[in-house]
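Sequence first, predicted coordinates after that:
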Amino acid sequence: MPGVVIIGTQWGDEGKGKVTDLLAEGATTIVRFQGGNNAGHTIVRGEEEFKFHLIPSGILHPGKTCVIGNGVVLDPRVLWEEIVGLRRRGVDIAKLRISANAHLIMPYHVLLDTAGEAKLGKLSIGTTRRGIGPCYADKASRLGIRVQDLLDEKILRTKIMAALEPKQQALRELSVRRRKLRREAAQKEVEEAADPRLDLHAMTEEYVTYGHRLEPHIADTARLCWEALDAGETVIFEGAQATMLDLDHGTYPFVTSSNPVAGAACVGAGVGPGDIDEVWGVVKAYQTRVGAGPFPTELDDEVGRRMVERGHEFGTTTGRERRTGWIDLVALRYAVRLNRIDSLVVTKLDILAGVDPLRLAVRYRSSEGAVFEEFPYHQSILHSASAEYEDLPGFEADLGDCRTEADLPPQARDYLRFISDFVGVPIRMVGVGPEREQVVWMGEKPALRAA
Ligand code: IMP
């Protein structure tokens, strides 16, 4: 099983980082294939806590090659901070490789993200405001700036110049529209024209400096993946965000601007579909979402608040409190089909201790009374749909010390079995606490070949 994709099945924050960290033990190469520093995950190692936004968490395993693939959008300032932070803590980053084809998040992308959200007002998406959408938009418009451009100052300056002019205009228009008084608008225009973040020369110089710093890590990362796969080594393709935030298949427009589904691993890393041998889907034992958009199983009660508190449901990237709800098996079955998931990992089962009954959404009902067994394609239905549930008895015990399936209380096992039967995929691993060793392998631990 050399090519393994790990993806999220909900709206992100399922705990993919921990799963990657555990499976990385048996791999030589770990590749991020989409998204940017809108992602964030925390890895707990004994007393130490590591927060990652861009670098694959496999970097904590000495000797593993960690790749930021061509499908990622990369803010070099954030990457550099991450590198410096890791070095300070003694983590060797010599085997970090960055695709020369990855696109760069520029200061104007961040400004546009914020201004665009402000303009949308009540209709805003609730983005992380990290410039992700505007950067992918530039990529598609062929106005993007890539990592390889950092290595040639003349080209970099020319490309920034071409990209900058329409951005300044767009920002000016956005700010003008937001101002009621003409005088205020004029004032803002002056301020923005002078914004040091939008100065061509300063920007070029700053990015050239990042180019010098990152140069030893810039590579043809697709080739690197091929070589590892050809040698029969295990390569892990680590997804960020999740299926329901997918630009094509998620709850559009309340989605991210990339494709977090498994198929995107091929495009975002530069490998073929035949190189993918297994797809692992990660699902939290309940449901969470940050940002706006439909959420049929959302809770606004004591149980939901308990999930926030016990599950520490606050974003790693923005610190925002996550919305919480019951696990949604209609959406999970949809994610299983979209990604052709072979194995499921259920995370944070321990958080549900003391909740009784445990509710699992098995169908939706529209406001007109129509029943949906499958995920509806029409967004309006999803917005007004209510979920219908199967109720199972809860469990009281703290699961933190469970290490085998037999250690789990029967109610917890029944809950897992119901999920697995409903979607038709085996659950291979269950998370029972934040620590690395707080997992239950259901059946055999997979044998991955590290070299
Ligand atoms: P963007 O990716 O910053 O453009 O945000 C678009 C939507 O995706 C917003 O609802 C964000 O809250 C959500 N989002 C982006 N990244 C993550 C993530 O890593 N976890 C959960 N939600 C995310």
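All right, it came through fine.

Tell me who's in contact with Val290.
Contacts here follow Cβ atoms under 8 Å, 6 or more residues apart in numbering; on that basis Val290 touches Trp11, Gly12, Asp13, Gly126, Gly315, Thr318, Arg320, Arg322, Arg323. All C-beta spots, glycine's among them, are computed from the backbone N, C-alpha and C.

So the second one, which state does it fall into?
With DSSP: H, G, I helix; E, B strand; the rest coil as the basis, Gly12 sits in coil.

Hmm, it is touching Leu245, no?
Yes. The pair formed by Gly12 and Leu245 meets the contact definition of Cβ atoms under 8 Å, at 5.8 Å.

where does the protein have its least confident helix or strand?
Counting by mean pLDDT, DSSP states H and E, the chain has its least confident helix or strand at helix 182-193, which shows a mean of 51.

List the buried residues in the helix or strand just after it.
Using DSSP states H and E, the helix or strand that follows helix 182-193 towards the C-terminus is helix 200-214. Judged by neighbour count (16 or more other Cβ atoms under 10 Å), helix 200-214 contains these buried residues: Met203, Thr204, Tyr207, Val208, Tyr210, Gly211, Leu214.

what's next to helix 200-214, contact-wise?
Contact partners of helix 200-214, identified using Cβ under 8 Å, 6+ apart, comprise 76-77, 79-80, 98, 104, 106-107, 145, 147, 150-151, 153, 156-157, 160-161, 164, 196-197.

which of those are close to the ligand?
Of the entries in the contacts of helix 200-214, none also sits close to the ligand under the rule Cβ under 6 Å from any ligand atom.

still on that earlier bit, mind putting the buried residues of helix 200-214 into a markdown table with pLDDT?
Compiled in a markdown table, the buried residues of helix 200-214 are given as follows (pLDDT from 0 to 100):
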| residue | pLDDT |
| --- | --- |
| Met203 | 96 |
| Thr204 | 96 |
| Tyr207 | 97 |
| Val208 | 97 |
| Tyr210 | 98 |
| Gly211 | 97 |
| Leu214 | 98 |
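
from the contacts of Val290, which has minimum pLDDT?
Within those, Thr318 has the lowest pLDDT, namely 82.

Now the residue in the stretch 301-450 of the chain that the ligand sits nearest to: closest residue in space, sequence neighbours ignored.
Ranked by Cβ to the nearest ligand atom, the top residue of the stretch 301-450 of the chain for proximity to the ligand is Thr317, at 6.3 Å. With Cβ to Cβ, 6 or more residues apart in numbering as the criterion, Thr317 has its nearest non-adjacent residue at 3.9 Å, and that residue is Gly40.

Quickly note the distance from that neighbour to the ligand.
Remark: distance between Gly40 and the ligand (Cβ to the nearest ligand atom, to the nearest Å) = 6 Å.

okay, that residue: pLDDT?
Residue-level pLDDT assigned to Gly40 equals 86.

what sits against it?
Gly40 is in contact with Lys51, Phe52, His53, Gly315, Thr316, Thr317, counting by Cβ under 8 Å, 6+ apart.

Mind putting these into CSV with secondary structure and neighbour count?
Supplementary listing: the contacts of Gly40 in CSV, determined by DSSP: H, G, I helix; E, B strand; the rest coil; neighbours: other Cβ atoms under 10 Å:
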residue, secondary structure, neighbour count
Lys51, strand, 14
Phe52, strand, 25
His53, coil, 21
Gly315, coil, 17
Thr316, coil, 15
Thr317, coil, 18
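
And the residues you listed, which two are furthest apart?
Taking every pair in the contacts of Gly40 and measuring Cβ to Cβ, the maximum separation is 13.6 Å, between Phe52 and Gly315.

give me the beta-bridge partners of the nearest residue to Gly17 once chain neighbours are set aside?
The shortest distance from Gly17 to any residue that is not its chain neighbour, by Cβ to Cβ, 6+ apart, is 3.0 Å, and that residue is His41. With DSSP bridges as the criterion, the beta-bridge partners of His41 are Phe52.

His41 touches Phe52, doesn't it?
Yes. In this structure, His41 is within contact of Phe52 by Cβ under 8 Å, at 5.6 Å.

Which residues are in contact with each of the two?
The contact sets of His41 and Phe52 overlap at Gly17 (Cβ under 8 Å, 6+ apart).

for stretch 410-424, the distance to its chain's centre please.
Chain-centre distance of stretch 410-424: 26 Å, with Cα atoms, centre = their mean, to the nearest Å.

Just the residues contacting it, thanks.
Contacts of stretch 410-424 with the rest of the structure, by Cβ under 8 Å, 6+ apart, involve 283, 285, 327, 329, 332-333, 336, 344, 346, 349, 352, 358, 360, 362, 390, 392-395, 399, 405, 408, 426-427, 430, 442.

buried sites along stretch 75-86?
When burial is assessed from 16+ other Cβ under 10 Å, stretch 75-86 yields the following buried residues: Asp75, Pro76, Val78, Leu79, Glu82, Ile83, Leu86.

any idea which of those is closest to the ligand?
Of all those, the ligand sits closest to Asp75, with 11.7 Å by Cβ to the nearest ligand atom.

is it true that the closest one touches Asn38?
No. In this structure, Asp75 is not within contact of Asn38 by Cβ under 8 Å, at 10.0 Å.
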